[in-house]
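Peer 1: 3D, please:
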Amino acid sequence: TRGAALRALVERWPDQNTRDLLARRLVRDSDRFTREAALQALAEKWPDERTRNLLFQRAAQDDSVDVRRAVLLALAKGWRDEATRGVLVQLAVQDDDGSTRDTAVRELAEKWRDETTRALLVQRAFQDGVGHIRGAALRVLVETWPDESTRALLAQSATRDDNGSTRYAALQALAEKWPD
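Peer 2: Got it, this is the predicted structure:
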C-alpha cells in the first residue's frame, strides 16, 4: 500500500525530500489511509511548528472523519499547548461528525483537565445536537469530575433531556457513581 511505502521512505530516507512528499500526500492524496500514514509519519519524525501548522490545516479542511480524528489525536499527543487546545475546542464544538466532537472532548478532558475544559464539557452535555454525544460528554464529566456539581448536572439531564439515550446515560451514571 501507499501508506507502507511512505513508512519505508521515512525509515530509509528521513530527509527533506521525504518530508515534502509526506506533506503533499497528507494534503493531496485521495486515499484516507495514505493521508493518515503521512500525518502519523510527519508527527512522529518531524514534531515541529511546520508539521503542527499543517496538522491544524488538515483538522479544519480534511473531508475524512477518520483523518480529522487522527489529526486531533496526533496534535493532543505531540503539542500540548494553548494553540492545540484551541483547535481541539473548535473540533469539539464545530465538527460535523459527532464521533470527532466526542474524541476532541475526551482528549481535552484528559490533557487539559481544568475549569475551562469542564465548562466546555457542560456545554456539550447540554447543547450538542446529537443525543449520544451529550451522553458521552456527561460520562466524561463523571469520569473526570465526580463531584456534587456533576451529580446535579446528571440529575438535570436525566429528567429534562429530550433524547432517551441521553437520559439513560445520565441515569446510568447516577446509579453507578451515586447509588444512594
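
Peer 1: which residues touch the helix or strand hosting Gln57?
Peer 2: Assigned by DSSP states H and E, Gln57 falls within helix 49-61. Residues from elsewhere that reach helix 49-61, judged by C-beta atoms under 8 Å, 6 or more residues apart in numbering: 23, 26-27, 35, 39, 42-43, 67-68, 71-72, 74-75, 78-79, 83-84, 87, 90-91. Just so you know, the C-beta spots here come from the backbone N, C-alpha and C atoms, and that holds for glycine as well.

Peer 1: which residue is nearest the centroid of this protein?
Peer 2: Nearest to the geometric centre of the chain sits Ala104, at 2.4 Å (C-alpha atoms, centre = their mean).

Peer 1: what residues does the strand or helix carrying it touch?
Peer 2: Secondary structure from DSSP H and E places Ala104 in helix 98-111. The contact list for helix 98-111, computed with C-beta under 8 Å, 6+ apart, reads 65, 68-69, 72-73, 76, 80, 85, 88-89, 91-93, 95, 117, 120-121, 124, 128, 130, 132-133, 136-137, 140, 143-144.

Peer 1: now stretch 148-160
Peer 2: For stretch 148-160, contacts defined as C-beta under 8 Å, 6+ apart pick out 122, 125-126, 134, 138, 141-142, 166-167, 169-171, 173-174, 177-178.

Peer 1: buried subset of the residues you listed?
Peer 2: Buried members of these, scored by 16 or more other C-beta atoms under 10 Å, are 122, 125-126, 134, 138, 141-142, 166-167, 169-170, 173-174.

Peer 1: Let's have these in CSV, adding secondary structure and distance to Trp13.
Peer 2: Formatted as CSV, the buried ones among the contacts of stretch 148-160 follow (DSSP: H, G, I helix; E, B strand; the rest coil; distance: C-beta to C-beta, whole Å):
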residue, secondary structure, distance to Trp13
Val122, helix, 49
Ala125, helix, 48
Phe126, helix, 51
Arg134, helix, 48
Leu138, helix, 48
Leu141, helix, 47
Val142, helix, 48
Thr166, helix, 51
Arg167, helix, 56
Ala169, helix, 49
Ala170, helix, 53
Ala173, helix, 51
Leu174, helix, 56
